[in-house]
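**Student:** Following is a predicted model, sequence given first.
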Amino acid sequence: MPKQMRQQTDAQLRESRLVFYKHDIQTIDSTLRDFLSRSKSKAALLVDKDGHLITQEGSTEKTDTDTIAALVAGCFAATREMARILGEDEFSALFHQGRKDNLQLSLVGTRTILGVLFDDTTTIGMVRLYAAETARKLSSTFRKIIARADADPTGGSSDIGAGFSEAAANTLENVFGE
């Protein structure tokens, strides 16, 4: 593969991957807990489009959330292709109904999916209403994270300490003898 195809600019990397810090996850988790309380849902999962679980709240002890996250991303990828064939950019919500449990999936921004597990103690209408509101709140949080990353392109690495880059370069030079 040509070198220029392998390299991405810092801006492209920031666009393709969000970096979450502890306080970001705390903010996201708080938003998800509020959603669960208001919608009366059992659990909420935030998944990136690559199928990685970002965070979860609620009752998930009996659920393989990593597998669910991967399947949610695959489901959205297939649905995106169906939308394209039908002339849509993308479908922003999916609903799966079971005998006891249901799963509502909502697109959050351009990179994440909110998965909501719920049963008959609530209604799909309540879940959809509060999921749409939660998706807006999370999108706002993500915009702030992106703005922070754009304001500090080092990702905070400038706080590592003076001389770190030089020491690392010297160590690499010693290891590889160049």
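**Tutor:** In hand now; what should we look at? Numbers count the residues shown, from 1 in each chain.
**Student:** How about the contacts made by residue 131?
**Tutor:** 35, 39, 93, 104, 106, 114, 116 (CB atoms under 8 Å, 6 or more residues apart in numbering). C-beta: built from backbone N, CA, C; applies to glycine.
**Student:** try 7 Å this time
**Tutor:** By CB atoms under 7 Å, 6 or more residues apart in numbering, the contact list for residue 131 reads 104, 106, 114, 116.
**Student:** The second one: how many residues sit nearby?
**Tutor:** Pointing back at residue 106 there. Number of residues near residue 106 (other CB atoms under 10 Å) recorded here: 20.
**Student:** which of the contacts of residue 131 lies closest to residue 44?
**Tutor:** residue 116 (5.4 Å; CB to CB).
**Student:** got the contact list for the helix or strand that contains that closest one?
**Tutor:** For residue 116, the enclosing helix or strand under DSSP states H and E is strand 112-118. Identification of contacts with strand 112-118 by CB under 7 Å, 6+ apart yields 41-49, 54, 68, 72-73, 76, 101-108, 127, 131, 134-135.
**Student:** at 8 Å what do you get?
**Tutor:** In contact with strand 112-118 (CB under 8 Å, 6+ apart) are residues 35, 39-49, 54, 58, 60, 63, 68-69, 72-73, 76, 101-108, 127, 131, 134-135, 138, 142.
**Student:** Is it possible to mark the buried ones in these?
**Tutor:** 35, 39, 41-49, 54, 58, 60, 63, 68-69, 72-73, 76, 102-108, 127, 131, 134-135, 138, 142 (16 or more other CB atoms under 10 Å).
**Student:** And the lengthiest helix in the chain, what's buried?
**Tutor:** Scanning the chain for the helix with the most residues, using DSSP state H, yields helix 124-151. Across helix 124-151, burial judged by 16+ other CB under 10 Å covers 127, 128, 130, 131, 134, 135, 137, 138, 141, 142, 145, 149.
**Student:** How about residue 47: what's its closest non-neighbour residue?
**Tutor:** For residue 47, ignoring the flanking residues on the chain, the nearest one in space by CB to CB, 6 or more residues apart in numbering is residue 69 at 4.3 Å.
**Student:** host element of that neighbour?
**Tutor:** Following DSSP H and E, one finds residue 69 within helix 65-85.
**Student:** Report all helices and strands that that helix contacts.
**Tutor:** For helix 65-85, the packing partners by 3 or more CB pairs under 8 Å, 6 or more residues apart in numbering; DSSP states H and E come out as strand 43-48, strand 53-58, strand 93-97, strand 102-108, strand 112-118.
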